[in-house]
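A.B. asks: Here is a sequence together with a model predicted from it:
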Amino acid sequence: MPKLNENPIHAWMTLATSGEQAELASLAGTSRAHLYQLSAGERTASAALAGRLASASRALRQRNKKLPPLRRSELCPACAECEFAKRCGG
């Protein structure tokens, strides 16, 4: 079970299979290595990447309900401050 203080992408990566991780990366237009950097807190997602990761995670969650949803506002500091994202639950 992921710890509460882990970042969302880290929790997602912990629960996902390597195939699911590769598919998330492919759907989001990034690499698995980049996901690991985000997971470790070495990098921060841009607003665009955060949006693509959120969409891709929804698609994967349809097949595997154990995967937590990724929200752009939890992945990108700019999205966390965005009034639109706050209103739509992003």
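C.D. replies: Sure thing, it's come through.

A.B. asks: quick one: residue 73 and residue 82 touch, right?
C.D. replies: Yes - because the distance of 7.2 Å satisfies CB atoms under 8 Å, residue 73 is recorded as touching residue 82. (Each C-beta comes from the backbone N, C-alpha and C, glycine too.)

A.B. asks: Which helix or strand contains residue 13?
C.D. replies: Assigned by DSSP states H and E, residue 13 falls within helix 8-15.

A.B. asks: shaky segments in this structure?
C.D. replies: Regions of the chain meeting the criterion pLDDT under 70 cover residues 1-6, 85-90.

A.B. asks: Next, the buried residues of the longest helix along it.
C.D. replies: Criterion DSSP state H: the longest helix present in the chain is helix 47-63. Buried positions in helix 47-63, judged by neighbour count with 16 or more other CB atoms under 10 Å: 47, 49-54, 56-57, 60-61.

A.B. asks: Quick check: which helices or strands does that helix pack against?
C.D. replies: helix 18-28, helix 72-75, helix 77-81 (3 or more CB pairs under 8 Å, 6 or more residues apart in numbering; DSSP states H and E).

A.B. asks: In a markdown table, list those along with mean neighbour count.
C.D. replies: Shown next, in a markdown table, are the helices and strands packed on helix 47-63 (neighbours: other CB atoms under 10 Å):
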| stretch | mean neighbour count |
| --- | --- |
| helix 18-28 | 16 |
| helix 72-75 | 22 |
| helix 77-81 | 14 |
